[in-house]
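[1] Okay, structure incoming, though there's no sequence with it:
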């Protein structure tokens, strides 16, 4: 046929395919686009539209490939750039996605959807001001674009511009009153401002519009918790769990509220409220419920004589998590040689774990992955996520989940402790500016890692989370070119939540723990500096409780555990490192006195107040870190209370002289002080404009009292903490 007629036929076919496409008949549309490509393989429109169908079907990698081909043929195809951006965003390739959204806006400046999605990508990359500009451009092009107003509200909230965020959410609601997410996020901004009753009304409106809105139920629970209405908070958390049984935020809120009910100042009528009420039998049989009971028991570790077998039994079955490897391997005859010893590093506030990790790095007998990248590996959902496609895809799924390990510049969220999933973790940990000239980025070849991990696994009969950690370390060392076998893994688990720690221990029942410690008040104030500045009282309370209960864990009684004073590591490095070598069963080595990451010079933690972009931090010698005066957050009276609660720890670790009589006197003196506000709490209430009576009624205030009362009772009964960690033995300096 003539060329013009053939072209016209293709155009008509494209139009017919698009009609099917727009009306939801995707198979018919796909068939037409495929027929066009048989006749005209380089038809950019058909390739693009076929990619759009793949995107709608959740096949994002195929979508990206097809749309990229269409752009190779027709580079100035604005809609294709936009859709490729959508596919790349789904694949976690945010920088590339942002680039294609930007290209769409350059080619078609009046494209509000492209500006809006460019804003979303920039926001996910942490470029909040640039995202704001994109949302504003979208709104200028289309003032009724409610999604852009909503997204602008979200980024303004992240920037701390709460009044402006509230205005954006209210504008969204004016344009689209039946938008439950806008009501929910308006509630979040109002709650951030301390306008709790208004926040409650917004959450209730969101739930009225969307009764199964679990997130709004949870947020309503937080608002009631902050108002001190613990019965309502517990009910809302339970409602969220009923809607979404695997909702970790709601389970976490429920356990905190349950503990707050134990505060000594709480009114007696609250005692009738139980975290067990309104939960189905299915929920009560869940691992999450068992974790709540374990969490509440953990406040009295003195009551445990053996490790809590009940909660261990409630964890997902190891058999269920085990993946068979059936490929005719010689696993029984020739299994891979993996590291046999496991040492896990824990923190204690801001106590220098990054420093110790950097010194252990590159030791010829110890395998250690950089930074805190794998602190969340044993979380509840990680293995389920990376194992869904079987053992052969495990390495690739692991790489996707922990992308930052393979390129420290990755902005992708890295799993951590609850609410601690971290974007841009490589930047935050100083892993993008390593090497002698500070111009190197930590990375390893992901394909080589995957191939080696798969080769090693093929020599096993099965794989589970525990053995995969060993495989990952061995594959990492292979890519790094390590020739010698390393028999010890040094795992910076850092701050695992209860599930992650218990899950880790059941796979490594012979694991040993080392904790970095520092003078408690100094360490706590350093750790609390940012939340105190930002008036994040709930966050501060969780951290104070975490430190008070970090020093005596039942695991320390069952597992070989030691603590190293940061002050000793700084002031007597050779004696300290030699003591650690004896405990770990490794040789002293020059690498132990150099701060490195993957063998490259590490310049220090950028979040440290002592970090200097012009020079490397010194690992040893006098340091502001260990000589910094206390009192930046806690008053003398606050410090008196906390030092009394830390007294057994301070004596054991040499931070104070033993004074049993004085301790008993101080213990009696601090008990009545629990019933009044601490001075740091008064400062937060004043900065936040909250009346003292309202502040003292809040759930976080009651939770802190419940926790410190448990500490006080143990000390009053025993005069000590029964499972307290032991200091590492070091030789006296010569």
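    Great, that's in hand. Remember, predicted model here, so these are calculated numbers, not experimental data. Numbers count the residues shown, from 1 in each chain.

[2] Show me what the host helix or strand of residue 257 is in contact with.
    Assigned by DSSP states H and E, residue 257 belongs to helix 248-260. For helix 248-260, the external contacting residues (Cβ atoms under 8 Å, 6 or more residues apart in numbering) are 214-215, 217-218, 221-222, 225, 230, 233-234, 237-238, 240-241, 244, 266, 274-275, 288-289, 291-292, 295-296, 299, 380, 418-419, 699-700, 702-703, 706-707. Backbone N, C-alpha and C define where each C-beta goes, glycine included.

[3] Kindly report the domain assignment for this protein.
    3-223+230-253, 319-625 (automatic domain parsing).

[4] Let's have these in JSON lines, adding mean neighbour count, mean pLDDT and distance to residue 659.
    JSON lines is the format used below for the domains of the chain (neighbours: other Cβ atoms under 10 Å; pLDDT from 0 to 100; distance: least, Cβ to Cβ, whole Å):
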{"stretch": "domain 3-223+230-253", "mean neighbour count": "20", "mean pLDDT": "94", "distance to residue 659": "39"}
{"stretch": "domain 319-625", "mean neighbour count": "19", "mean pLDDT": "93", "distance to residue 659": "17"}
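
[5] Inside helices: which ones of the contacts of helix 248-260?
    Of the contacts of helix 248-260, the ones assigned to helices by DSSP state H are 214-215, 217-218, 221-222, 225, 230, 233-234, 237-238, 240-241, 288-289, 291-292, 295-296, 699-700, 702-703, 706-707.

[6] TSV for the domains of the chain, including distance to residue 660?
    Output for the domains of the chain, formatted as TSV (distance: least, Cβ to Cβ, whole Å):
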stretch	distance to residue 660
domain 3-223+230-253	38
domain 319-625	18
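
[7] what packs against the host helix or strand of residue 394?
    Here residue 394 sits within helix 394-401, counting by DSSP H and E. The helices and strands touching helix 394-401, judged by 3 or more Cβ pairs under 8 Å, 6 or more residues apart in numbering; DSSP states H and E, are helix 382-386, helix 446-457, helix 465-479.

[8] and residue 527, which of those is closest to it?
    Closest approach to residue 527 among the helices and strands packed on helix 394-401 is made by helix 382-386 (25.3 Å; Cβ to Cβ).

[9] what's the spacing between the closest one and its chain's center?
    Computed by Cα atoms, centre = their mean, to the nearest Å, the separation of helix 382-386 from the middle of its chain amounts to 15 Å.

[10] Any chance you could list what contacts that helix?
    The contact list for helix 382-386 (Cβ under 8 Å, 6+ apart) reads 321, 376, 394, 397-398, 400-401, 415, 464-465.

[11] again, but for stretch 201-216
    With Cβ under 8 Å, 6+ apart as the test, stretch 201-216 has contacts from 178-181, 183-184, 186-187, 190, 217, 219-220, 223, 240, 243-244, 247, 249-250.

[12] again, only this time at 7 Å
    Outside stretch 201-216, the residues within contact range by Cβ atoms under 7 Å, 6 or more residues apart in numbering are 178, 180, 183-184, 186-187, 190, 217, 219-220, 223, 240, 243-244, 247.

[13] residue contacts, residue 295?
    Neighbour list for residue 295: 255, 498 [criterion: Cβ under 7 Å, 6+ apart].

[14] what about 8 Å?
    Counting by Cβ under 8 Å, 6+ apart, residue 295 has contacts 255, 259, 498.

[15] Test for you: state the pLDDT assigned to it.
    Looking at residue 295, its pLDDT reads 93.

[16] Next one: it relative to residue 626, how far apart?
    33 Å (Cβ to Cβ, to the nearest Å).

[17] Could you do residue 567 as well?
    Distance, residue 567 to residue 626, by Cβ to Cβ: 5 Å.

[18] Report the set of residues contacting both of those two.
    Common contacts of residue 567 and residue 626 (Cβ under 8 Å, 6+ apart): 518-519.

[19] just to revisit the earlier point, the helices and strands packed on helix 394-401: which one's closest to residue 337?
    With Cβ to Cβ, the closest approach to residue 337 among these belongs to helix 465-479: 8.0 Å.

[20] for the closest one, packing partners?
    Helix 465-479 packs on strand 366-367, helix 394-401, helix 446-457, strand 488-494, helix 498-507, going by 3+ Cβ pairs under 8 Å, 6+ apart.

[21] CSV for the helices and strands packed on helix 394-401, including distance to residue 580?
    Converted to CSV, those look like this (distance: least, Cβ to Cβ, whole Å):
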stretch, distance to residue 580
helix 382-386, 29
helix 446-457, 29
helix 465-479, 19
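
[22] so which of those helices comes closest to residue 591?
    helix 465-479 (14.4 Å).

[23] what's that closest one in contact with?
    Applying Cβ under 8 Å, 6+ apart, the contact partners of helix 465-479 are 321, 336-339, 367-369, 374, 377-378, 382-383, 394-395, 398, 444-445, 448-450, 452-453, 456-457, 460, 463, 486, 489, 491, 503, 507-508.

[24] Between helix 446-457 and it, find me the angle.
    Helix 465-479 runs at 130 degrees relative to helix 446-457, counting by axes from the mean of the first three to the mean of the last three Cα atoms, to 10 degrees.

[25] From the chain's centroid, how far away is helix 465-479?
    Per Cα atoms, centre = their mean, the centroid offset for helix 465-479 relative to its chain is 22 Å.

[26] just stretch 297-310 next, same as before
    Using Cα atoms, centre = their mean, the offset of stretch 297-310 from its chain centre is 26 Å.

[27] Can you tell me which of the contacts of helix 382-386 lies closest to residue 173?
    residue 415 (34.1 Å).

[28] is it true that the closest one touches residue 373?
    No: taking contacts as Cβ atoms under 8 Å, residue 415 lies outside contact range of residue 373: 9.3 Å.

[29] Could you pull up the residues touching the residue lying closest to residue 175 once chain neighbours are set aside?
    Residue nearest to residue 175 in three dimensions, not counting chain neighbours: residue 146, with 4.3 Å by Cβ to Cβ, 6 or more residues apart in numbering. With contact taken as Cβ under 8 Å, 6+ apart, residue 146 is in contact with 172, 175-176, 179, 182.

[30] What about these, which are in strands?
    Within the contacts of residue 146, no residue falls in strands by DSSP state E.
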